[in-house]
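>>> sequence first, predicted model second:
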Amino acid sequence: MANSDMKNLLNSTDIAVIYLDNSLHIRRFTTQATQIYKLIPGDVNRPLGDIVTDLIYPELEDDAREVLRTLAFCEKQIATKDGRWFMVRVRPYRTLANVIDGLVATFVNITELKSLEARLEGPGGLNGEAP
């Protein structure tokens with residue numbers, strides 16, 4: 001029941017989540033993650049780097065290893081090949097016993113925010129230029 005509750009909670013937040021082990025192999029992922037990575041259920045236990053992604057983020061694996069090394073989370077705004085934008089956060093996965101057992105990568109779609117930001121910075125926006 002607790003697993004079902006957690007799965008429903010994660011899927012209802014509309015946040016893509018990928019759980020990785022210490023070797024950056026996929027442990028689990030939410031349905032939303034399949035809109036960013038070409039994931040299928042058979043990809044569990046495969047290296048994340050083997051999975052095709054729309055993200056323009058070649059240094060993701062390096063950033064993930066750095067998070068494992070330092071235990072400091074990483075957060076970046078990353079574009080996709082089709083013009084979407086995501087806030088990507090990579091954090092250590094802590095067990096209930098406070099042991100680091102991999103990583104959690106979350107992907108929040110910020111495309112609308114980036115579009116608004118571009119409009120505000122463009123001609124006639126908040127940068128002081130006249131239309």
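Structure's in. What do you need?
>>> low-confidence stretches in this structure?
Filtered on pLDDT under 70, the chain yields the residue ranges 1-2, 10-11, 124-131.
>>> which element is the spatially most central residue of it on?
The centroid of the chain falls nearest to residue 107 when counting by C-alpha atoms, centre = their mean (2.9 Å). Using DSSP states H and E, residue 107 maps to strand 100-109.
>>> show me what that strand is packed up against.
strand 16-20, helix 60-70, strand 85-94 (3 or more C-beta pairs under 8 Å, 6 or more residues apart in numbering; DSSP states H and E). For the C-beta atoms, the positions are set from N, CA and C on the backbone; glycine is no exception.
>>> helices or strands next to whatever helix or strand comes next after that strand in the packing?
Counting by DSSP H and E, the element after strand 100-109 in chain order, helix or strand, is helix 111-121. The helices and strands touching helix 111-121, judged by 3+ C-beta pairs under 8 Å, 6+ apart, are strand 85-94.
>>> who's in contact with the strand it packs on?
16, 19-20, 36, 55, 57, 60, 63-64, 67-68, 71, 73-80, 100-111, 113-114 (C-beta atoms under 8 Å, 6 or more residues apart in numbering).
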